[in-house]
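> Here's my sequence, what's the structure:
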Amino acid sequence: MNIINIEHIAKIYQVGSEEVHALADVSLRINKNEYVAIMGPSGSGKSTLMNILGCLDTPTKGLYDFSGENVSQMNDNELASIRNRQIGFVFQTFNLLARSDALHNVELPLIYAGVSSHERRERAEAALENVGLKDRMTHKPNELSGGQRQRVAVARALVTNPSIILADEPTGNLDTKTGADIMRLFHEIHEAGNTIILVTHEEYIAEHAARIIRLRDGLVERDEEVVNRFIPV
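Numbering: from 1, shown residues only. Next up, the predicted model:
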């Protein structure tokens, strides 16, 4: 079952008098419960594609069907609604509120969604317990390690029960061992039935996915299954 269907999308930015073609002509489909990595050199269009997939931006032309809804022509409010309901984001820089504890950081998407205080606390506590941070709920980001902060970010992404998890360089600010722990967590999340789209420039990180989409010059250069996929233990 397709959760994402993109047909001939392009993204053109106007920079002064110059047109920059960030995406030229990209078509792809992603099924429910797939684990996909998107790779490409600087300037390949992977960040632009990530922004479109995450409903942070819209294509200049082409179709983007997300979970049966045409999001290509949606306005900002409609896109925000899709993001809040259906997409969980994990960023390289964690994007946590420095003055709030882990529990409140995880609750934030539920606050925006209008969930009652009792329910959102229960759900945030469960999400933190699921990522192994039951004993760190009242700690602020500066009281947590880099790996723990990323786990808080993963819990925040999961708390709304989204259709997809979109992770942008999730191990970029972590050492190798901590990065391996986070990738093990992503494996567990995928095994539980979640759809994961991972944007990375690291080959060994991409090989955790079952499929790699490689971009170059705003086009899909290769779309391939991972033959020797790395399965964390």
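> for the longest helix seen in the chain, which positions count as buried?
The single longest helix within the chain, with elements called by DSSP state H, is helix 176-191. Under the neighbour-count criterion of 16 or more other Cβ atoms under 10 Å, helix 176-191 has 178-183, 185-187, 189-190 buried. All C-beta atoms are positioned from the backbone trio N, CA, C, and that covers glycine.
> from the middle of its chain, how far away would it be?
The chain centre lies 14 Å from the centre of helix 176-191; the measure is Cα atoms, centre = their mean, to the nearest Å.
> got a markdown table for the buried residues of helix 176-191, with distance to R136 too?
Converted to a markdown table, those look like this (distance: Cβ to Cβ, whole Å):
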| residue | distance to R136 |
| --- | --- |
| T178 | 15 |
| G179 | 19 |
| A180 | 20 |
| D181 | 14 |
| I182 | 15 |
| M183 | 20 |
| L185 | 15 |
| F186 | 19 |
| H187 | 22 |
| I189 | 19 |
| H190 | 24 |
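> Columns pLDDT and distance to V26 on top of those, output as a markdown table?
Converted to a markdown table, these look like this (pLDDT from 0 to 100; distance: Cβ to Cβ, whole Å):
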| residue | pLDDT | distance to V26 |
| --- | --- | --- |
| T178 | 94 | 33 |
| G179 | 94 | 28 |
| A180 | 94 | 31 |
| D181 | 94 | 32 |
| I182 | 95 | 28 |
| M183 | 96 | 26 |
| L185 | 95 | 29 |
| F186 | 96 | 24 |
| H187 | 95 | 27 |
| I189 | 95 | 26 |
| H190 | 96 | 24 |
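> I82: which of those residues is nearest?
I189 (20.5 Å; Cβ to Cβ).
> Just to check, that closest one is in contact with R151?
No: I189 is beyond contact range of R151, at 11.3 Å (criterion: Cβ atoms under 8 Å).
> tell me which element the closest residue in space to V106 that isn't next to it in sequence is part of?
Excluding its sequence neighbours, the residue lying closest to V106 (Cβ to Cβ, 6 or more residues apart in numbering) is A124, at 4.1 Å. Taking DSSP states H and E as the definition, one finds A124 inside helix 117-130.
> Format the CA atom coordinates belonging to that helix as CSV.
The C-alpha trace of helix 117-130 is given here as CSV (Å, rounded to 0.1, in the frame of the first residue of the first chain):
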residue,chain,number,x,y,z
SER,A,117,-3.3,17.4,29.6
HIS,A,118,-3.9,14.1,31.2
GLU,A,119,-3.8,12.1,27.9
ARG,A,120,-0.8,13.9,26.6
ARG,A,121,1.1,13.2,29.8
GLU,A,122,0.3,9.5,29.6
ARG,A,123,1.3,9.3,26.0
ALA,A,124,4.5,11.3,26.5
GLU,A,125,5.5,9.1,29.4
ALA,A,126,4.8,5.9,27.4
ALA,A,127,6.9,7.3,24.4
LEU,A,128,9.8,8.1,26.7
GLU,A,129,9.6,4.7,28.3
ASN,A,130,9.6,3.1,24.8
